[in-house]
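Q: Got a sequence here, can you model it:
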Amino acid sequence: MKLDPNTKASETLPVSEVERVARWLTLSGASLAALLVLIVFGVVSYSVFMRYVLGTPITFSDELSGFIVVAMVALGAGEVLLRGEHFGVDLLTERAGPRTQWLVDLWGMIGVILVASAILYSAVLMVRFSYDFGVYSDGYLGVQMWIPQGFLLIGMIILILAALARIFTLLTVRRP
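A: Below you'll find the model as predicted:
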């Protein structure tokens, strides 16, 4: 079987029905992340215009942009995982046989779940603390911190579900 050189590796991988359902969730997160890219572009453009054209800098743009960038990364991570576009070290694994590659993929997803679970646990504690004690940001926005922190929590849930769906695919669908 000859593959089109413009086809991504993830498009040639077999996919289970569970992973197709998970893709809906990851695409939702990635769509919101894409919208946030446009918003942060608008905020930065507005800030530059105000500072360098009108000479009246705004004070909240750096803080808002930082919150949005964290949300973009967290919300987009699950889709990147299912597409197989996370960065990785292929030096040894691309020369491995199909069985070894399958094991590496499986252990990689388990590793993603373990790390994302640790981040999720920390995010739950962080959001709960910020909400219970009414913590506000130190910057000019003065936003309740549980709001931007909540995006990390949502993103890790999406990432864990994506990794679980990929594991299901690895365990149930045979590769050609």
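
Q: So, low pLDDT: which residues of the chain?
A: Applying pLDDT under 70 to the chain flags the ranges 1-14, 87-92, 175-176.

Q: switch to 90 and redo it
A: 1-21, 59, 82-105, 138-142, 172-176 (pLDDT under 90).

Q: Where does the most centrally placed residue in the chain sit: helix, strand or coil?
A: Within the chain, one residue has its C-alpha closest to the average C-alpha position: by CA atoms, centre = their mean, that is residue 77, at 1.8 Å. Assigned state for residue 77: helix (three-state reduction, DSSP: H, G, I helix; E, B strand; the rest coil).

Q: now swap in residue 21 and tell me
A: helix.

Q: Not counting residues beside it along the chain, what's closest to it?
A: Excluding its sequence neighbours, the residue lying closest to residue 21 (CB to CB, 6 or more residues apart in numbering) is residue 165, at 7.4 Å. The C-beta positions use only the backbone N, C-alpha and C, and glycine is treated the same way.

Q: how deep is that neighbour tucked in, by neighbour count?
A: 25 (other CB atoms under 10 Å).

Q: I'd like the next helix or strand past the longest helix seen in the chain.
A: Taking DSSP state H as the criterion, the chain has its longest helix at helix 98-133. For helix 98-133, the following helix or strand on the C-terminal side (DSSP states H and E) is helix 146-172.

Q: counting contacts, what elements does that following helix pack onto?
A: Using 3 or more CB pairs under 8 Å, 6 or more residues apart in numbering; DSSP states H and E as the contact criterion, the elements in contact with helix 146-172 are helix 17-48, helix 61-83, helix 98-133.

Q: What distance do you get for the residue nearest to the centre of the chain to residue 97?
A: When distances are taken as CB to CB, to the nearest Å, residue 77 and residue 97 turn out to be 29 Å apart.
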